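Asker: Coordinates only, no sequence provided:
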């Protein structure tokens, strides 16, 4: 994704784009102790209902109103007869709340929302046989902690991205290769370190501690017992003294790196591209410890009033051409392997590591922390997401 494209998206999407990745993580199928309500997936498609109500991140359901050249909803409406009504959500918490209302048929949930929707019975399992394009979804996105439970899929993967370490090449030397740059060595850039403003960022500290303090025994940064959680929170409270600002709006992060107010911190590939296109002296790296990341999933409401149109939409949004368009516009790796041949910028999939499964093996995707430890431990309770939210307020102080 080149800059002109990125900035069009950034302008249209504005500050809302920040939240798209409000998710949580995992690396394999779900923990044994997690038992959601016994809901069944739809067995076959019936007649389409003429409309579908969606909740989505900004930039995911474009109908030409933001930019006449950016429209994948209109052709869907023509082909299916399903009129699209989309509500843009700014946070995962808002998505969860909206889904509970029963007024929406599907949602583009990130990992910090998906398990909450599954556990509460607000999201139903999906029948992937009713989504023909699912067969071409990258294998690394199927049957994962944030979209499946006990091998039962609860959603259709949309796209993915990693949380990278971005740095100012003129101010940060030597080039960093570890998250220590924003933790143990952050004082070298006191007041100019930046971090993602979300409770899920606690997982970034846990990921660093997995390698820097192996004695803690952290195996999954979203599965933390009380001792492990306290260590991550302590590290973040220490980091807070060196933080210039926590970012949510990615346009503000680009501005901070251009002005020099920020010189090192977490970023997405789309932010790196945009900052470089605006001549900011920045580079980004996947640190040696790996990274957290996000993978968004289209989930169907257990109370969907227009389930057939919802299934048609889930198949449409991951069809090769449309998935390529969304991935380029938004700035992410597409979920459909066939999309890579159809992007307007030929190196888009290479830039975003779309087919590079060894790259994604280093990424711990956002997954909602739940009391049943996602790393498989049966003899302990892990700290649930509600406590992460409380701790985040304390960390920021």
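Answerer: Received it, and whenever you're ready, just let me know what you need. No experiment lies behind these values; they were computed from the predicted model shown.

Asker: When you work out contacts or count neighbours from here on, use the C-alpha atoms and nothing else.
Answerer: OK.

Asker: for this structure, which helix is longest?
Answerer: With DSSP state H applied, the helix covering the greatest number of residues in the chain is identified as helix 226-240.

Asker: Quick one: mean pLDDT for it?
Answerer: Throughout helix 226-240, pLDDT has a mean value of 98.

Asker: can you check stretch 145-161 too?
Answerer: Mean pLDDT, computed over stretch 145-161, is 95.

Asker: Residue numbering should commence at 721 henceforth.
Answerer: Sure thing, new numbering starts at 721, so read that last one as stretch 865-881.

Asker: in it, what's buried?
Answerer: Judged by neighbour count (16 or more other Cα atoms under 10 Å), stretch 865-881 contains these buried residues: 865-869, 872-881.

Asker: Need phi/psi at the residue nearest to the spatial centre of the chain.
Answerer: Central residue of the chain (Cα atoms, centre = their mean): residue 1014, 2.7 Å from the mean position. Here the main-chain torsion angles of residue 1014 (degrees, to the nearest 10) amount to phi -140, psi 140.

Asker: Could you do residue 964 as well?
Answerer: The main-chain torsion angles of residue 964 are listed as degrees, to the nearest 10 and equal phi -80, psi -50.

Asker: who's in contact with it?
Answerer: Neighbour list for residue 964: 910, 911, 912, 913, 914, 981, 982 [criterion: Cα atoms under 8 Å, 6 or more residues apart in numbering].

Asker: Try it again at 10 Å.
Answerer: Residue 964 makes contacts with 909, 910, 911, 912, 913, 914, 915, 976, 981, 982, 983, as judged by Cα atoms under 10 Å, 6 or more residues apart in numbering.

Asker: what's the burial count for the second one?
Answerer: Burial measure for residue 910: 17 neighbouring residues, criterion other Cα atoms under 10 Å.

Asker: what's the answer for the first one, then?
Answerer: Taking other Cα under 10 Å as the neighbour definition, residue 909 ends up with a count of 18.

Asker: now do the fifth one
Answerer: Residues within reach of residue 913, counting by other Cα under 10 Å, total 27.

Asker: now it, nearest residue through space, not along the chain?
Answerer: In space, not counting the residues next to it along the chain, residue 913 is nearest to residue 963; the distance is 4.7 Å by Cα to Cα, 6 or more residues apart in numbering.

Asker: Please report the distance of that neighbour from residue 998.
Answerer: Remark: distance between residue 963 and residue 998 (Cα to Cα, to the nearest Å) = 24 Å.

Asker: Which one of those two is surrounded by more residues?
Answerer: Just comparing residue 963 and residue 998: by other Cα under 10 Å the higher neighbour count belongs to residue 963, 23 against 14.

Asker: Ramachandran angles for the more buried one?
Answerer: For residue 963, the backbone dihedrals are phi -80, psi 130 (criterion: degrees, to the nearest 10).

Asker: what sits against it?
Answerer: Taking Cα under 10 Å, 6+ apart as the definition of contact, the neighbours of residue 963 are 902, 906-907, 909-915, 956, 982, 984-985, 1116.

Asker: Need the buried ones from those selected in PyMOL.
Answerer: Restricted to the buried members of these, where burial is judged by 16+ other Cα under 10 Å, the PyMOL selection command reads as follows:
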select buried, resi 902+906+907+909+910+911+912+913+914+915+956+982+984+985
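
Asker: what's the closest of the contacts of residue 963 to residue 945?
Answerer: Within these, distances to residue 945 taken as Cα to Cα reach their minimum at residue 956, with 16.6 Å.

Asker: could you say which helix or strand contains residue 922?
Answerer: When secondary structure is defined using DSSP states H and E, the element that contains residue 922 is helix 922-932.

Asker: Pull out the buried positions in that helix.
Answerer: Applying a neighbour-count criterion of 16+ other Cα under 10 Å, the buried positions in helix 922-932 are 922, 923, 924, 925, 926, 927, 928, 929, 930, 931.

Asker: May I see these arranged in JSON lines, with distance to residue 1019 and pLDDT as well?
Answerer: Below are these laid out as JSON lines (distance: Cα to Cα, whole Å; pLDDT from 0 to 100):
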{"residue": "922", "distance to residue 1019": "25", "pLDDT": "98"}
{"residue": "923", "distance to residue 1019": "24", "pLDDT": "98"}
{"residue": "924", "distance to residue 1019": "26", "pLDDT": "98"}
{"residue": "925", "distance to residue 1019": "29", "pLDDT": "98"}
{"residue": "926", "distance to residue 1019": "28", "pLDDT": "98"}
{"residue": "927", "distance to residue 1019": "27", "pLDDT": "98"}
{"residue": "928", "distance to residue 1019": "31", "pLDDT": "98"}
{"residue": "929", "distance to residue 1019": "32", "pLDDT": "98"}
{"residue": "930", "distance to residue 1019": "31", "pLDDT": "98"}
{"residue": "931", "distance to residue 1019": "34", "pLDDT": "96"}
